[in-house]
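# Here is the input, now give the coordinates:
(2 chains)
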There are 2 protein chains.
Amino acid sequence: MNFSSKLIEEAVNAFATLPSIGKKTALRLVLHLIKQEPGFTENLSEALLQMRRNIRECRLCHNISDAELCAICSDRRRDPSLICVVEGIRDVMAIEETGQYHGQYHVLGGVISPIEGIGPDQLQIDSLVGRVAEGTVKEIIMAISPTIEGDTTIFYLAGRLKDFQLRISTIARGVSFGGELEYADELTLGRSIVSRVPYGE
Amino acid sequence: MNFSSKLIEEAVNAFATLPSIGKKTALRLVLHLIKQEPGFTENLSEALLQMRRNIRECRLCHNISDAELCAICSDRRRDPSLICVVEGIRDVMAIEETGQYHGQYHVLGGVISPIEGIGPDQLQIDSLVGRVAEGTVKEIIMAISPTIEGDTTIFYLAGRLKDFQLRISTIARGVSFGGELEYADELTLGRSIVSRVPYGE
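Next up is the predicted model:
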């Protein structure tokens, strides 16, 4: 593209380094900034800079956090005897969105994947065992993707936690609510028949 | 969405004020920034701030510019006797992209539209007449959208410029190159038959 302006070109290239933003979208964004007051761009830049400079990892659960402890770990209404183990921070957001969970979290930072060279040492597993060893935790919910890597990770974690007095559960797997049976994949449908639950529970 | 982080929430909201970026995309962009080094976010912010603080309008043609005169007006290889009149800066970019034009531009800032309350006074028409009155300009190309408002604007401009020794032309209208006839709209197809050109020209 020919911008005949170095300033525009650099702003477009900067936007276009972001995922899912191509040059055309980047140009539309830049032209939008030009149409707004300079204060608009300053607010945007400031919000991004403040976020990036001050965001950190929660000391306890490794979720993203504004302070040493994240908003969830420092919330006294959350049950510290219940930990939901997840792969990443998006999973925390998705579960929080449901409003169904009132325990704490533990963010692993991924799953065990020999193909991608991710072993247990690259994940926040030791710190999970450390939290459990303190004695408060009574139940661990494994909210990990139902994939081969996910199942491997759950198996490994269960092994590491087997000497503690703990209830370990995984999230229920089956046909989606509102989903039509004919469109469910075979594996899910097959397993949901094997793991059928008594009516009325 | 529940971010459990004020910093994340504000950065997501800032991104989501941009056109075509919803909350979900904004979150993906913010999580991308977190994954990169802080310098990445600083470069992005700096490029946007520099652009917005220093961008201005070319004194002559009203195109966006890094200096008092834009890169095109200050380029001595561009023919100052030929002015292409366009609605906006995107049109300048599109025409520059073709590599077919070597004159200067004049950016009107829109077209005459009584419905939207845009009259000739809101557009850069007086400054165009002023440029022509200086005597260097020999031809004006009206590269304005073939709409009712565009045609009205061309008609008005032709009236304002009728006392000068000028060639006034409009860009050719017709069936797109590479377009299939059966998909061309009736008006375009009809006009392209009326305005047929001798073969070989």
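
# contacts and neighbour counts: CA atoms only from here.
Fine.

# could I get the strand ranked longest in chain A in CSV with only the CA atoms?
When chain A is parsed with DSSP state E, its longest strand is strand A:79-86. What follows is strand A:79-86, C-alpha atoms only, in CSV (Å, rounded to 0.1, in the frame of the first residue of the first chain):
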residue,chain,number,x,y,z
ASP,A,79,-13.8,-21.5,48.9
PRO,A,80,-10.1,-22.3,49.4
SER,A,81,-10.8,-26.0,49.9
LEU,A,82,-11.8,-26.3,46.2
ILE,A,83,-9.3,-25.8,43.3
CYS,A,84,-10.2,-25.9,39.7
VAL,A,85,-7.2,-26.8,37.6
VAL,A,86,-7.2,-25.2,34.1
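
# List the strands paired with that strand, with their directions.
Strand pairing for strand A:79-86, using DSSP bridges, gives strand A:103-107 (parallel), strand A:139-142 (parallel).

# Please parse chain A into its domains.
Listed domain ranges for chain A are A:6-54, A:76-198 (source: automatic domain parsing).

# Residue B:89: which of those is closest?
Residue B:89 sits nearest to domain A:6-54 of all the domains of chain A, at 9.0 Å, using CA to CA.

# ok, that closest one near chain B or not?
Yes. Domain A:6-54 is in contact with chain B by CA under 8 Å from any CA of the partner chain, via A:6-8, A:10-11, A:14-15, A:18-19, A:29-30, A:32-34, A:38, A:41-54.

# My guess is residue A:143 contacts residue A:88. True?
No. Contact criterion CA atoms under 8 Å: residue A:143 and residue A:88 do not qualify, at 10.3 Å.

# for stretch A:124-135, the distance to its chain's centre please.
19 Å (CA atoms, centre = their mean, to the nearest Å).

# Actually, stretch A:19-33.
That offset, for stretch A:19-33, works out to 27 Å (CA atoms, centre = their mean).

# repeat for stretch A:172-185
For stretch A:172-185, the distance to the chain centre is 23 Å (CA atoms, centre = their mean).

# who touches it?
A:188-189, A:191-192 (CA atoms under 8 Å, 6 or more residues apart in numbering or on different chains).

# same thing with stretch A:15-29?
Contacts for stretch A:15-29 (CA under 8 Å, 6+ apart): A:12-13, B:18-19, B:29, B:32, B:44.

# What residues sit buried inside the lengthiest helix in chain A?
For chain A, the helix with the greatest residue count under DSSP state H is helix A:38-54. Going by neighbour count (16 or more other CA atoms under 10 Å in any protein chain shown), the buried part of helix A:38-54 is A:40-42, A:44-49, A:51-52.

# same deal with stretch A:135-152?
Applying 16+ other CA under 10 Å to stretch A:135-152 flags A:137, A:139-145, A:149-151 as buried.

# Show the contacting residues for residue A:72.
Taking CA under 8 Å, 6+ apart as the test, what residue A:72 contacts is A:78, A:104, B:4.

# filter those residues to the buried ones?
Buried, going by 16+ other CA under 10 Å: A:104, B:4, out of the contacts of residue A:72.

# Return the closest of the contacts of residue A:72 with respect to residue A:70.
Ranked by distance to residue A:70 (CA to CA), the contacts of residue A:72 are led by residue B:4 at 7.5 Å.

# my read is that closest one is in a helix, agree?
No. The assignment for residue B:4 is coil, going by DSSP: H, G, I helix; E, B strand; the rest coil, so no helix is present there.

# how near is it to chain A?
To chain A, residue B:4 is 6 Å away according to CA to the nearest CA, to the nearest Å.

# So for residue A:13, what's the pLDDT?
According to the prediction, residue A:13 has pLDDT 95.

# In a helix, it, correct?
Yes. Assessed with three-state DSSP, residue A:13 lies in a helix.

# Now do the strands in chain A.
Listed in chain order, the strands of chain A (DSSP E) span residues A:56-57, A:64-65, A:79-86, A:103-107, A:139-142, A:167-170.

# just so I know, which of the ones you listed lies nearest residue B:119?
When these are ranked by proximity to residue B:119 (CA to CA), strand A:64-65 comes first, at 52.7 Å.

# All good on my end, thank you.
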